[in-house]
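> sequence and predicted structure below; questions after.
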Amino acid sequence: MAKKSLKKLTEIVAPDFDLAMTLDSGQVFHWEKIGNRFYGTIGNHAVWLEQHGRILKVRDGKSSALSGLIENYFALDHPLAEICDSFPDDPIMNVARSYCHGLRIMRQPKWECLAMFICSSMKQVAHIRQISKKIRERFGERRKIEHHELFTFPSPGRIAQSSEKELRECALGYRAKNLLGTAQLIDSGVVNLEEESTSSDDDLLGKLCQLPGVGAKVANCVMLFAYERLRAFPIDVWIERVLRAQYFPRKRNMTAGRLRAFAETHFGEHGGYAQQYLFHHARMAARANLSAPPR
DNA sequence: CTCCAGGGATGAT
DNA sequence: ATCATCCATGGA
C-alpha cells in the first residue's frame, strides 16, 4: 500500500479532435513525439498523451486527474462543426476544411505563448522548437514522467533575471533583447497579461504591440492561441501567399492593409480558425511538393 | 511608402 | 563543403 503509485492513467473522450495535427500545426512548439506518444507540459504538469480514435489516454507525471486541464488546453469544448460551418464556402477554404478535420485552436498559457511567438519571428517551425527546448532546459523546472525528463516553461521573473547573453546562448539572436525586455515589463507589473483577458480585441492588440518584439503578426498569434480571440487573423508570409494566390490572382497592387481588411470581413467570426486551417494546409502542401515538385 | 539588419537550420549544388 | 533560402520587427 505504501508503494502504491500515485500516477494515474486517464481516458478522455475527445471526438472531432486530431491530437497529432493540432500539435504539429505551428501553434505550439514544445511537444515531443516518441513512438505513439506526445510528451510535454501543460502549465507545470508533465504529461504524455496517446490518441486512439476518439479516446485520449493521458498519463500525469505526479498525481491528480487532469481531464479538466486537458479539455481546457485542447479546447475540446469548441463547437468544431459549427465553427467549420461558419467558414466561407469557397474552393480553397473547402479544401483546407476537409484536410484539417479535428484541428483545434488551443488555449495556451499566456506568458508561455507570448514568449514563444516573440522567439518565432523570422524563424521556421523546426528552429522555434529548438529554441523552446533550450529555454526550458536552461531556465525551466525539471519534471519527470516515467523515464522521461521534461522542463516547464520559465516564469517572466526567471527570464527577467537572466541576461541577454544567456538568452543568446539559447539561439535567440537579436530576439534575446526583445524577450528580456518583455519579461521585465511583465515581471515588474507594468503589464499584466491576465488582466488583459477582459480587454476588447482592439485594446488587447494595442497593449501587446507595445511590448518589444511584438508586432501585428505576433500579437494576433497570442490573441488567437492564448486569449481565445477566435477572430484574430495573423498574417504571415504563408497566409499572405495563400490570400494573394487564391483570392486575388491577377491583382498586382493588393497592399498588406487591403489584404488585412479583406481577411477580417471575408472569414467571419471564427477567422482565426479559418486562418489556422489555411496555414496548416498550405504548409503541408509545400512539404509534399518537396518530394514531388511541380513540373 | 521602401529598404535592410539579423541568425541558424535546412535544402540545393 | 559552401551557397541560397526562409522570415517578423523595428528603425532609417
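Nice, I can see it.

> quick one: contacts for the residue in the stretch 1-150 of chain A positioned nearest to DNA strand B?
Closest residue of the stretch 1-150 of chain A to DNA strand B, CB to the nearest atom of the strand: A:Ala126 (3.5 Å). (C-beta placed from N, C-alpha, C; glycine too.) Shown in contact with A:Ala126 (CB atoms under 8 Å, 6 or more residues apart in numbering): no residues.

> now do it, the pLDDT please.
A:Ala126 is assigned 89 on the pLDDT scale.

> spell out which parts of chain A neighbour DNA strand C.
Within chain A, the residues that sit near DNA strand C (CB under 7 Å from any atom of the strand) are A:120-124, A:178, A:209, A:211-219, A:236-238.

> buried subset of those as a ChimeraX selection?
Of the residues of chain A next to DNA strand C, the buried ones go into a single ChimeraX selection, burial set by 16 or more other CB atoms under 10 Å:
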select /A:120,121,123,178,211,213,214,217,218,219,236,238
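
> out of the residues of chain A next to DNA strand C, which are inside helices?
Mapping the residues of chain A next to DNA strand C onto helices (DSSP state H) picks out A:178, A:209, A:216-219, A:237-238.

> let me know the closest of those to A:Gly102.
Nearest to A:Gly102 among these is A:Trp238, at 20.5 Å by CB to CB.

> my read: that closest one touches A:Gln276, true?
No - if you go by CB atoms under 8 Å, A:Trp238 and A:Gln276 don't touch, sitting 11.1 Å apart.

> per-residue pLDDT, A:Lys7?
Here the pLDDT value assigned to A:Lys7 is 60.

> go on, A:Ala96?
Residue-level confidence at A:Ala96 comes out at 96, pLDDT.

> and it, which of the three is it?
Here A:Ala96 is recorded as helix under DSSP: H, G, I helix; E, B strand; the rest coil.

> so how far is A:His270 from it?
To A:His270, A:Ala96 is 13 Å away according to CB to CB, to the nearest Å.

> of these two, who's got more company?
Legend: neighbour count by other CB atoms under 10 Å for A:Ala96 and A:His270, higher for A:Ala96 (25 against 22).

> now do the contacts for the more buried one.
Residues near A:Ala96 by CB under 8 Å, 6+ apart: A:274, A:277-278, A:280-281.

> still on that earlier bit, the residue of the stretch 1-150 of chain A closest to DNA strand B in helix, strand or coil?
Taking three-state DSSP, the label given to A:Ala126 is helix.

> for A:Gly271, see how far away it is.
With CB to CB as the criterion, A:Ala126 and A:Gly271 are 27 Å apart.

> tell me the confidence at the closest residue to DNA strand B within the stretch 151-295 of chain A?
Going by CB to the nearest atom of the strand, DNA strand B is nearest to A:Gly173 of the stretch 151-295 of chain A, at 2.4 Å. For A:Gly173, the pLDDT comes out at 90.

> equivalent analysis for A:Lys251, please.
In this model, A:Lys251 is scored at 86, pLDDT.

> same question for A:Arg104.
Per-residue confidence (pLDDT) for A:Arg104: 98.

> quick check: it touching A:Tyr73?
No - the criterion here is CB under 8 Å, and A:Arg104 misses it with A:Tyr73 at 9.9 Å.

> who's more crowded, those two?
Counted by other CB under 10 Å, A:Arg104 and A:Tyr73 do not tie: A:Arg104 has more neighbours, with 25 against 20.
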